[in-house]
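In: okay, sequence plus prediction incoming.
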Amino acid sequence: MRGFAEYKVFGGKLLKAEIEYDTTLKRVRFFGDFFLHPEETIILLEKILQGTPIPFSIEAIESKIAGVLKDQNAELVGVSPNDFALVLQEAIQNANSC
Amino acid sequence: MVTEWRLLELESNNAFQNMALDESICEHVSQGKSPPTIRFFKWNPSAVSIGYFQSLEQEVNQAKCKELGIDIVRRRTGGGAVYHDRDGEITYSMIAPESFFPKGITESYWNICGHIITGLAHLGIQSDFKPINDIIVCGKKISGNAQTRRNGVLLQHGTILYDLDVEKMFSLLKVSKEKISDKLIASVKERVTCIKDHASVSRQELYEALQKGFCENKTIITEKISDSELERAQQLAQEKYASKEWLDWR
């Protein structure tokens, strides 16, 4: 299945997610006008989420993202790991409602 | 020892060359081959730039751009899509070792945007920094800014809107409803303003005010861009910024 969601962080940036999944996340792509330093960390964030069982907990996604940020000494600006988890959850909800 | 900043005076380039020059200068500053640099530029032809993480398809009306002869380029910085009108704005870049700026990202935006705020004050325009990366006048955005830090070098570039064709801008950019959902206003068009709405000055006068804002209290040198920087920029423009692969990567 495929899903897409947009999530506007209050007072912050716009985050979008495009996913493909069955029992696990097969492919994840994030888009938006947020900042992430260094920028290439986005590839690792997307990769580490592949294989995540569906359904997932917000905390599990948050933890995976926070782990990558820490390992890479990376910094998100305008969005948070929680926002990434929420937009993924919404993408799944949107796919289910189609 | 006093830090010398190089000022590269206002010039026009196409979108690919503009972004390539920023990257080339960053590389040269990182390698200690070029001094910290303040650069001003215009876009000719007019162009749309999209942020590093943005989807071309989601953000830009490509057919309209093609119809109007407007280039599209992906930046190496995050942030949103921007329409760079040939006659409607001035863009700057500030490039220096990270150690020249506050470590915190918001603080460093504030620091650099402070030069724009000072420049606009020289024109009698009161503006404010609005975190994360905007400058506002009377509550409306007049300047958007974006930053990246790589190899020990900080690049911040941003635009200052001089004149504004709102209809044209929003015929080229696709604006998500989500984007304005927390603004409690009917239209995104009400969120932007330009210098001409606030002062009767020419674009040259805006440029001179911005230059003053960026350069005062600094030792400025008039060294030009080097052959090596230009050569690398031409390579980056051709092989990276003008390539379909780079534009389509998201």
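Out: The structure has been received and is ready for your questions.
In: only C-alpha atoms from now on, for both contacts and neighbour counts.
Out: OK.
In: sketch out the low-pLDDT regions of the chain for me.
Out: Because you didn't say which chain, this covers chain A. Judged by pLDDT under 70, chain A has its weakly predicted residues at A:96-98.
In: hmm, I had chain B in mind actually
Out: B:176-189.
In: centroid residue for it?
Out: B:G158 (2.4 Å; CA atoms, centre = their mean).
In: measure the residue lying closest to that residue once chain neighbours are set aside to chain A for me?
Out: Leaving aside its sequence neighbours, B:G158 sits nearest to B:N145 (CA to CA, 6 or more residues apart in numbering or on different chains; 4.0 Å). The gap separating B:N145 from chain A is 11 Å, by CA to the nearest CA, to the nearest Å.
In: I'd guess B:N145 is in a strand, am I close?
Out: Yes - looking at B:N145 with DSSP: H, G, I helix; E, B strand; the rest coil, it is inside a strand.
In: check contacts around the residue nearest to the centre of chain B.
Out: Residues in contact with B:G158 (CA atoms under 8 Å, 6 or more residues apart in numbering or on different chains) are B:91-93, B:143-146.
In: what's around the residue in chain B positioned nearest to chain A, how many residues?
Out: As assessed by CA to the nearest CA, chain A sits closest to B:G79 within chain B, at 4.1 Å. Around B:G79 sit 28 other residues, with neighbours defined as other CA atoms under 10 Å in any protein chain shown.
In: next, the spatially closest residue to it that is not a sequence neighbour: phi, psi?
Out: Among residues not flanking B:G79 along the chain, A:D33 sits closest, at 4.1 Å (CA to CA, 6+ apart). In terms of degrees, to the nearest 10, the main-chain angles of A:D33 are phi -110, psi 20.
In: wait, what's in contact with the residue in chain A that chain B sits nearest to?
Out: In chain A, the residue that lies nearest chain B is A:D33 (4.1 Å; CA to the nearest CA). Contacts for A:D33 (CA under 8 Å, 6+ apart) come out as A:13-15, B:51, B:53-54, B:78-81.
In: which of the residues you listed sits closest to A:R29?
Out: Sorting the contacts of A:D33 by how near they are to A:R29, with CA to CA, puts B:F53 at the top with 9.7 Å.
In: host element of the closest residue to the closest one other than its chain neighbours?
Out: Distance criterion CA to CA, 6+ apart; nearest residue to B:F53, sequence neighbours excluded, is A:F31 at 5.1 Å. A:F31 is part of strand A:25-32, with elements assigned from DSSP states H and E.
In: okay, now B:E167: neighbour count?
Out: B:E167: 9 neighbours (other CA under 10 Å).
In: where does it land in three-state SS?
Out: Classified using three-state DSSP, B:E167 is helix.
In: circling back to that earlier point, so the residue nearest to B:G158 sits against B:D134, correct?
Out: Yes - B:N145 lies in contact with B:D134 (CA atoms under 8 Å); the separation is 6.2 Å.
In: secondary structure of A:Q89: a helix, I assume?
Out: Yes - counting by three-state DSSP, A:Q89 is located in a helix.
In: how about it: what's its closest non-neighbour residue?
Out: That would be A:I58: by CA to CA, 6+ apart, it lies 7.8 Å from A:Q89.
In: what is the neighbour count of the one you found?
Out: 17.
In: check contacts around it.
Out: So A:I58 contacts A:82, A:85-86, A:89 (CA under 8 Å, 6+ apart).
In: now a ChimeraX select for only the buried ones of these.
Out: Of those, the buried ones go into a single ChimeraX selection, burial set by 16 or more other CA atoms under 10 Å in any protein chain shown:
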select /A:82,85,86,89
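In: what about B:D87, how many residues nearby?
Out: The burial count for B:D87: 16, using other CA under 10 Å.
In: all strands for the chain, in order.
Out: I'll assume chain A. A:2-8, A:14-21, A:25-32, A:35-37, A:75-77 (DSSP state E).
In: nope, chain B
Out: Using DSSP E, strands in chain B cover B:4-13, B:37-43, B:47-50, B:71-74, B:82-84, B:89-97, B:128-130, B:134-137, B:140-150, B:153-161, B:219-221.
In: mind listing residues that contact the longest helix along chain B?
Out: In chain B, taking DSSP state H as the definition, the longest helix is helix B:105-122. With contact meaning CA under 8 Å, 6+ apart, helix B:105-122 is reached by A:77, B:94, B:101-102, B:126-129, B:131-133, B:135, B:145, B:147, B:156, B:206, B:209-214.
In: now, of those residues, which are buried?
Out: Using 16+ other CA under 10 Å, the buried ones in the contacts of helix B:105-122 are A:77, B:94, B:127-129, B:132-133, B:135, B:145, B:147, B:156, B:206, B:209-214.
In: state the number of residues packed around A:E75.
Out: A:E75: 18 neighbours (other CA under 10 Å).
In: my guess is it meets A:E39, correct?
Out: No - counting by CA under 8 Å, A:E75 does not reach A:E39; the two are 9.2 Å apart.
In: for stretch B:8-21, list the C-alpha coordinates in CSV.
Out: What follows is stretch B:8-21, C-alpha atoms only, in CSV (Å, rounded to 0.1, in the frame of the first residue of the first chain):
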residue,chain,number,x,y,z
LEU,B,8,31.7,40.5,-4.2
GLU,B,9,29.5,43.3,-5.6
LEU,B,10,26.1,42.8,-7.0
GLU,B,11,26.1,40.8,-10.2
SER,B,12,23.6,38.8,-12.3
ASN,B,13,23.9,35.1,-13.2
ASN,B,14,21.6,32.3,-14.1
ALA,B,15,20.3,30.1,-11.4
PHE,B,16,22.8,27.3,-11.9
GLN,B,17,25.8,29.6,-11.8
ASN,B,18,24.5,31.4,-8.7
MET,B,19,24.1,28.2,-6.7
ALA,B,20,27.4,26.9,-8.1
LEU,B,21,29.3,30.0,-7.1
